[in-house]
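Asker: with the input below, show me the fold.
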Amino acid sequence: MKIDNNKTSQYWDNRIQSTEPLSAVLTLDAPACLNEAYDKWERYSLFSSIKSSLKNKKVLDVGAGYGRVSLEFAQQSAIVSSIDISQKMLNLLKQNAEILTLNNNIRTFRMLSDKFSLNNKFDIIICFGLLEHLSPHSRNTTIRNCFSHLKKSGQLYTIINNSDNLFLKKKYSNHKNTYDGYQSNLVGMNWLNRICKKNNMKTEVVASNPNYAILHYYCYHQRLTKGNLLTQMSINALRSDMLAPPYSSMAKLLASHFMVRISHIK
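Answerer: Reported below is the predicted structural model:
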């Protein structure tokens, strides 16, 4: 299927304008408390995995959306470059940066992830919530593009679906391949490990979310969308995933997402 980048850009422009920001960049039809729990898991896992000071570190956020991760880096005095295909997303990012007086710490670029070229190397690169929305060719090119912009001592963090998760397997087996500017694919660790090995990169799973994934599936199965109990269950799932080993047998079977740290093999 030929992908129309203009249609993709328009889809994400419309999405950020038609719903609240977190729902626009995470799961569109999920209860708010689930998206909030996932967002907290993602940002906690990321920043707890980065051991050094972020002051004056060069950070690249590929698929930055409205800046939920870019802004947190900027608040910790990093120098951030944020890339996205959606100008509306980037406009909201810039508005948020102005409100937080972080304008000097963030630059935005409307670019395709598989074609961007910046005359710079970065200490940290983030690629969250993007790879599963790309075609196989674009996904391969995007991750290699990230490799080429990473310093030899740098770290790349990405989020990968768990292709062994039974809920995701069922969801994608029923997935209709109709293109309206949005696409979603089941991308697993096998693909990531394979392309990293070919490019002399190594991977390390630093976080996973099996408890969140169980709750997410339960909500869809039981059609739960709101309520104090669901909110408390989301908080409990978040806490459990923050404390659990990142790549346990339970995580390999039940997690929906893995956070992976990638670095050059020395």
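Asker: mind saving the C-alpha coords of the one helix or strand residue 232 maps to as CSV?
Answerer: Following DSSP states H and E, one finds residue 232 within helix 228-243. The C-alpha coordinates for helix 228-243 follow below in CSV (Å, rounded to 0.1, in the frame of the first residue of the first chain):
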residue,chain,number,x,y,z
ASN,A,228,-13.5,5.3,40.9
LEU,A,229,-12.6,1.6,40.9
LEU,A,230,-11.1,1.8,37.4
THR,A,231,-9.1,4.8,38.5
GLN,A,232,-7.7,3.0,41.5
MET,A,233,-7.0,-0.1,39.5
SER,A,234,-5.0,2.0,37.0
ILE,A,235,-3.0,3.5,39.9
ASN,A,236,-2.3,0.0,41.3
ALA,A,237,-1.3,-1.3,37.8
LEU,A,238,1.1,1.7,37.4
ARG,A,239,2.8,1.1,40.7
SER,A,240,3.2,-2.7,40.1
ASP,A,241,4.8,-2.1,36.7
MET,A,242,7.2,0.5,38.1
LEU,A,243,8.4,-2.0,40.6
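Asker: now the element after it, going C-ward?
Answerer: helix 249-254.
Asker: which element follows that next one toward the C-terminus?
Answerer: strand 257-264.
Asker: and that following strand, what other elements does it pack with?
Answerer: Strand 257-264 sits against helix 32-49, strand 150-161, helix 189-198, strand 201-208, with contacts defined as 3 or more CB pairs under 8 Å, 6 or more residues apart in numbering; DSSP states H and E. For glycine as for every other residue, the C-beta is placed from the backbone atoms N, C-alpha and C.
Asker: which residues touch the second one?
Answerer: Meaning strand 150-161. Taking contacts as CB atoms under 8 Å, 6 or more residues apart in numbering, the residues outside strand 150-161 that touch it are 42, 46, 49-50, 121-129, 131-132, 143, 146-147, 168, 186-189, 192, 201, 206, 256-264, 266.
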